[in-house]
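Novice: Here's my sequence, what's the structure:
(chains A and B)
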Amino acid sequence: MTTVARTGSRRYRELNGWFFVGPSIALIGVFMAYPIVKSLWLSLHSGQGSVMKFVGAGNVERLFSDPIFLIALTNTFIFLIVQVPIMIVLALIMASCLNMPNLRFRGILRTAVFLPCVTSLVAYSVLFKSMFSYDGLVNSILLKLGLISEAIPWLSDPFWAKVVVITAITWRWTGYNMIFYLAAMQNIDKSIYEAARIDGISATRRFLSITVPMLKPVILFTTVTSTIGTLQLFDEPMNITNGLISDVTLTLSLYIYKLSFRYVPNFGYAATVSYVIVVLVAILAFVQFYAARERD
Amino acid sequence: MNFTKRTTLSMMAGLVLASTGLMTASAVSAKEVTVWAWDPNFNIAIMKEAGARYTAKHPDVTFKIVDMAKADVEQKLQTQLASGATKSLPDIVLVEDYNAPKYLRSFPGAFEPLSGKIDHGGFAKYKVDLMTVDGKVYGLPFDSGVTGMFYRKDLIEKAGFTEKDMQNITWDRYIEIGKKVEAATGKKMLALDPSDGGMVRVMMQSGGRWYFDKDGKLDVKGNAALKGALEAQAKLFKSGIVKQTSGWVEWVAALNKGDVASITSGVWITGSVKAEKSQSGLWRVAPTPSLGTPGSVNASNLGGSSWYVLAGGKEKAAAIDFLNEVWAKDVDFYQNILDGRGAVGTLTASRGGKAYSAADPFFGGDKVWQSFSDWMAKVPSVNYGMFTGEADAAMASQLPALMQGTPTDKILENIHNQLATQIK
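Specialist: Numbering: from 1, shown residues only, chains lettered A, B, ... in the order given. Presented below is the predicted three-dimensional model:
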């Protein structure tokens, strides 16, 4: 009798629990699971607009012979390999500078470094575009200082356009990553530094041997999020360097956009390219976790 | 007690619903035609005028003209057609000519064929050709993108040239003039965006070819017009007479600030040229420079767009009747939009109207509209095909290599190879 009653009430409680999580599961199902499954199904199709047919792995085969996909992939990796390390190192240095206890105007400086993160992606892109335009601020300053003899086509030159985009992303996101480091630094026990100082360890050594190892989980976290962010890079090349027209800063996300809205619409192939990003993110995140694992 | 309260409540709700139903039912007889387009100073303003003309005669039909950025119109159209959620699409949509074949073939059945309902014989042939699929004509031809060379008379005179020297020239001659103009005035001859392939398209079409032949087959390797266009583009930049700009705003600013002595573009740029009132009387218009190769002419086309009726539109019938009555017949309307907005329509009958023979003091009293409509008749008709977007991107991606001196044959091969994998 009692066991029956107990299972009954347990079942009631279990049902009750399902009732509570039900709505969110339904929402996740409709807005997360369904699109993922549907886009996977879509990536097995190819065609023009609404005239689609099943091609199986045909889209994957096409990836390997698609020169524009290769350009997009190369550009994305250039951004990733050059930009992420620069930004992480810069953010670490800035964070430890701003963490110095005897620094004056700390509050203002921290705000100033973090401020770029609150600007809208499009707004700051437009600003960078005007600064680096042919008649823009940067060119006229460099010309006046006599550093260059002729204006640099920042936004159209294959090399300089990438430099501008990397500069822009670094400006926008360094402060954001710095905040994580700054917060984590507050948690490092001060007595460790004190002991090091008594032992006569130099400041650089203290930074490399105490701060960086103590921040490892946070550095891992920011590296993974920055990698994901860079792989999905869209706003900056789209707005600053006219990524829709020229290929010099074409990224994978821009290519997906072009395949869906600029070219003869091929949503199936576009879905395949977006799965390339998913796979890349998964691989890179795995590699980073593996590299940063605890070795006992 | 409680029960009765509820029933009265639900009855009241029912009444309210029923009455709103009645109201919408009575609103149906007053039709509202929805239109999507871009550019408030041009397409939107012109469509508003056309709508007002129709409403004056048919008071039961009103218009809801939605202004969006061009990229937004294209993106919304493409997404909704692909998703099949066509309910929120408009009755009429503006489509750029380069994109028309792509939409018509990618979304069969989405657009209403207008042949038989509208007489397309009255429009410029090259416009009608590009909206014809399998013998059916979709859409109503709107503005022409016929090109001309706008130049500053005062600046070329300082270099010792007259208006006669600018007529029917080749690009080689244009560069010669440009060098002398720069020597005499310190101004560059033209402004160009090095990443934009628009100029190459203009030159290629003046040579009577496109990326694709009449049957829509890839025609890049061995395309003399495209080769000539790429060579001319490279020569322009090498000669140093180009002021490099980035994007539309900088490009137009170069004209308005008086930084350059000329510009070759579609007739729709007239409004932007005339926007700088202080330069009134200084500008003139001459025919587009030619490639100088056999078969190339001093006329070409850049852009231009047309109106299309969605097959799933609620007010389809009213929309077609409106296009037929105003856009296909009202010659007076075309005079108004030319005079007020600088829109050169493609209805041949409108060329006989008053506005087309009017003299424009901004261009020193020249009858520029007459010139443009003469050139329009000479524009070589080419098949844009479905893949102009892809072809343009392939060409534009080779422009940096072209500037660095890669041989044009190699460039053509690269464009060909890239396109061949794309257009499957």
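Novice: What count of nearby residues applies to residue A:40?
Specialist: When neighbours are counted by other Cβ atoms under 10 Å in any protein chain shown, residue A:40 registers 13. For glycine as for every other residue, the C-beta is placed from the backbone atoms N, C-alpha and C.
Novice: and residue A:281, helix, strand or coil?
Specialist: Under the three-state scheme (DSSP: H, G, I helix; E, B strand; the rest coil), residue A:281 adopts helix.
Novice: for it, what are its contacts?
Specialist: Counting by Cβ atoms under 8 Å, 6 or more residues apart in numbering or on different chains, residue A:281 makes contact with A:227, A:228, A:231.
Novice: Could you do residue A:56 as well?
Specialist: By Cβ under 8 Å, 6+ apart, residue A:56 lies in contact with residue A:44.
Novice: Now do it, the pLDDT please.
Specialist: Per-residue pLDDT puts residue A:56 at 87.
Novice: I'd like to know how far it sits from residue A:272.
Specialist: 11 Å (Cβ to Cβ, to the nearest Å).
Novice: before we move on, what about residue B:323?
Specialist: Using Cβ to Cβ, one gets 40 Å for the distance from residue B:323 to residue A:272.
Novice: Those two: who's more crowded?
Specialist: Remark: of residue B:323 and residue A:272, residue A:272 carries more neighbours, 27 against 24, as counted by other Cβ under 10 Å.
Novice: you'd agree the more buried one is in a strand?
Specialist: No: counting by three-state DSSP, residue A:272 falls outside a strand, being helix.
Novice: wait, it sits on residue A:57?
Specialist: No: between residue A:272 and residue A:57 there is no contact under Cβ atoms under 8 Å: 9.4 Å.
Novice: residues contacting residue B:97?
Specialist: B:127, B:130, B:145, B:303, B:304, B:305, B:306, B:384.
Novice: ditto for residue B:47
Specialist: By Cβ under 8 Å, 6+ apart, the contact set of residue B:47 is B:35, B:37, B:63, B:65, B:94.
Novice: Let me know the helix or strand that it is in.
Specialist: Secondary structure from DSSP states H and E places residue B:47 in helix B:45-57.
Novice: and that helix, average pLDDT?
Specialist: On average, helix B:45-57 scores 94.
Novice: Which element is encountered next along the chain beyond it?
Specialist: Next along from helix B:45-57, by DSSP H and E: strand B:61-67.
Novice: Report the buried residues of the very next helix or strand once past that following strand.
Specialist: Moving toward the C-terminus from strand B:61-67, the next helix or strand (DSSP H and E) is helix B:70-83. Within helix B:70-83, the residues scored as buried using 16 or more other Cβ atoms under 10 Å in any protein chain shown are B:73, B:74, B:75, B:76, B:77, B:78, B:80, B:81, B:82.
Novice: Identify the residues contacting the residue in the stretch 51-200 of chain B that chain A sits nearest to.
Specialist: Nearest residue of the stretch 51-200 of chain B to chain A (Cβ to the nearest Cβ) works out as residue B:106 at 2.7 Å. Shown in contact with residue B:106 (Cβ under 8 Å, 6+ apart): A:48, A:49, A:50, A:51, A:264, A:265, B:81, B:386.
Novice: Please name every helix or strand in contact with the top helix by length along chain A.
Specialist: Looking across chain A with DSSP state H, the single longest helix is helix A:67-98. Judged by 3 or more Cβ pairs under 8 Å, 6 or more residues apart in numbering or on different chains; DSSP states H and E, helix A:67-98 is in contact with helix A:106-114, helix A:158-186, helix A:216-231, helix A:252-257, helix A:267-291, helix B:388-403, helix B:408-422.
Novice: so can I have TSV of the contacts of residue B:47 showing distance to chain A, neighbour count and pLDDT?
Specialist: Formatted as TSV, the contacts of residue B:47 follow (distance: Cβ to the nearest Cβ, whole Å; neighbours: other Cβ atoms under 10 Å in any protein chain shown; pLDDT from 0 to 100):
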residue	distance to chain A	neighbour count	pLDDT
B:35	21	23	96
B:37	18	26	94
B:63	27	22	95
B:65	23	20	95
B:94	16	25	96
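Novice: farthest pair in those?
Specialist: The largest separation in these, counting by Cβ to Cβ, is between B:63 and B:94 at 13.5 Å.
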